[in-house]
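Enquirer: need a structure here:
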Amino acid sequence: MVLEQIYTGCLAQGAYYLESEGECAIIDPLREVTPYIEKAQANGAKIKYIFETHFHADFVSGHLELSKKTGAEIVFGPTAVPGFKATVATDGQIFELGNLKIKVLHTPGHTMESSTFLLIDENGKEHCIFSGDTLFIGDVGRPDLAQKSDLTIQDLAGHLFDSLRNKIMTLPDDLLVYPAHGAGSACGKNMSKETYDTLGNQKMFNYALRANMTKEEFIKEVTDGLELVPPPYYFPKNVMLNKAGAQDLDQVKSQAQALSVEAFEAAANETGALIIDTRNQQIFKDGFIPNSIFIGIKGDFAPWVGTLITDIEQPILLVAEDDMIEEVITRLSRVGYDNILGYLNGGFEAWKNSGKEVDTIVSIPATEFAERFKKAEGNLVVKDVRKPTEYMAEHVEEAMNIPLANLSKNMVEFSKDEDNYIHCASGYRSMVAASILKSRGFDNVIDVAGGFKAISADTDVPCTDYVCQSKMK
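Expert: Numbering: from 1, shown residues only. The predicted structure is shown next:
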């Protein structure tokens, strides 16, 4: 038996390659399917099944393209209604893969079609579960991503409670749990950085699996705080793409053309395309195309695109390093942003060398921010764009929390007259925010490089945390 977790950090997503006796299955594949095909070919195996734990919201699955290219059978759990040829399994149905067996456990709650796949090894032993978004390490799937008119969040949470108690917690403690996501995914609230564990450990340490927990307690704890971290705008669109079947990734890549400076500028003017600059934030600040926004490829690129760009059909033009273009397009496609008109041939240097107008963003170190804060006696306009939970833990005194995810709804909170000092935890999100504000006509934005980490570590700016307070002069 060959079992491999294929983990993609930028999406905090785990796909799985399973092989036995020359037959293999892929569980929850990403949109780029070539690596799965090449792995099977290298092992002399044939992909027989593609198992989907549910209709994913946070990424576009490669199930349809992988099936087209390999002839593999796509398998969903009970109640799924795909818009293409697939097997909708019954609860308890068993699929044979070499000398392995895969049993379908219908586990509704995260979504109603959500299913867990139980692997039974060649000796008849229950080896592991591929739990999708039903059970994470340290958490469970949030129940507010697939509501229907007749089901409330509480209803779905109740279904999830029953699924966990009746289908999963009854399995052996030494069983391995392989979830679809880890820390950083928006599909849960507080996932562990670990990407797998034993079920026994989860019964001890996962709050949602407490032995004496009532259904009412479970529903309350699982739904608590969800309003503070609403799902990104692209989630419903990705669900629809996964139900209907997305176009092949090769087609998406072929339509993104290398554009000269003149063609790039014309495309931006004629189509209203959004220009996304994916370079490092400290390079971006020193020169960028006016009205472009920064979302760096080295950070949580795809999730932030999906959070900040509300229209998945939005035409997009790209500025990137030459050797990163394919990676940028791939990551955009993972979350369904396929309307990529092209990219600037030669990158930003081509734009600058052509003599076109260039914009910049002022970015100052935390020590200079501290000097200005002290001189103004704390009367600066300071905006903290971290998550509410980060802000509540500790923050600069008098700073206002405007999470990056909610920036567009809160433009009125930024000053048109005074300088707006913007920071996040370490500098990525604040540069995204500063670039968006610049594109909306705010020329008085100042980024604090290094963010709150630098402010709290290197300065005596008063903060709410007692460690910071102890450094106050």
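
Enquirer: now stretch 440-455: how far from the chain's centre is it?
Expert: For stretch 440-455, the distance between its averaged C-alpha position and the chain's averaged C-alpha position is 24 Å (Cα atoms, centre = their mean, to the nearest Å).

Enquirer: repeat for stretch 175-190
Expert: Centroid displacement of stretch 175-190 relative to its chain, using Cα atoms, centre = their mean, is 12 Å.

Enquirer: in it, which residues are buried?
Expert: For stretch 175-190, a neighbour-count test (16 or more other Cβ atoms under 10 Å) marks 175, 177-183, 185-189 as buried. The way it works is simple: take the backbone N, C-alpha and C, and place the C-beta from them, glycine included.

Enquirer: kindly report the same for stretch 323-339.
Expert: 324-325, 328-339.

Enquirer: with stretch 65-74 instead?
Expert: Buried residues in stretch 65-74, defined by neighbour count with 16+ other Cβ under 10 Å: 65, 66, 67, 70, 72, 73, 74.

Enquirer: same thing with stretch 188-206?
Expert: Of the residues in stretch 188-206, those scored as buried under the neighbour-count criterion (16+ other Cβ under 10 Å) are 188, 189, 191, 192, 195, 196, 197, 199, 201, 202, 206.

Enquirer: among these, which two are most distant?
Expert: Taking Cβ to Cβ as the measure, those span a maximum distance of 20.2 Å, between 189 and 199.

Enquirer: mind listing the strands in the stretch 201-350 of the chain by residue range?
Expert: Counting by DSSP state E, counting those that start in this stretch, the stretch 201-350 of the chain forms strands over residues 257-259, 274-277, 293-294, 316-319, 340-344, given from the N-terminal end onward.

Enquirer: now what about the shortest one, what contacts it?
Expert: Residues outside strand 293-294 that contact it (Cβ atoms under 8 Å, 6 or more residues apart in numbering): 274-279, 281, 284, 288, 308, 431-432, 434-436, 439.

Enquirer: contacting residues around residue 174?
Expert: Residue 174 is in contact with 198, 199, 200, counting by Cβ under 8 Å, 6+ apart.

Enquirer: circling back: dump the strands of the stretch 201-350 of the chain to CSV, plus distance to residue 120, mean pLDDT and mean neighbour count.
Expert: Formatted as CSV, these follow (distance: least, Cβ to Cβ, whole Å; pLDDT from 0 to 100; neighbours: other Cβ atoms under 10 Å):
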stretch, distance to residue 120, mean pLDDT, mean neighbour count
strand 257-259, 49, 94, 16
strand 274-277, 46, 98, 24
strand 293-294, 49, 98, 24
strand 316-319, 45, 97, 24
strand 340-344, 43, 96, 23
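
Enquirer: I'd like these written out as a markdown table, with distance to residue 166 added.
Expert: Written out in a markdown table, the entries for those read as follows (distance: least, Cβ to Cβ, whole Å):
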| stretch | distance to residue 166 |
| --- | --- |
| strand 257-259 | 53 |
| strand 274-277 | 46 |
| strand 293-294 | 47 |
| strand 316-319 | 45 |
| strand 340-344 | 45 |
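
Enquirer: so for residue 396, which of the ones you listed sits nearest?
Expert: Nearest of the strands of the stretch 201-350 of the chain to residue 396, taken as Cβ to Cβ: strand 293-294 at 22.6 Å.
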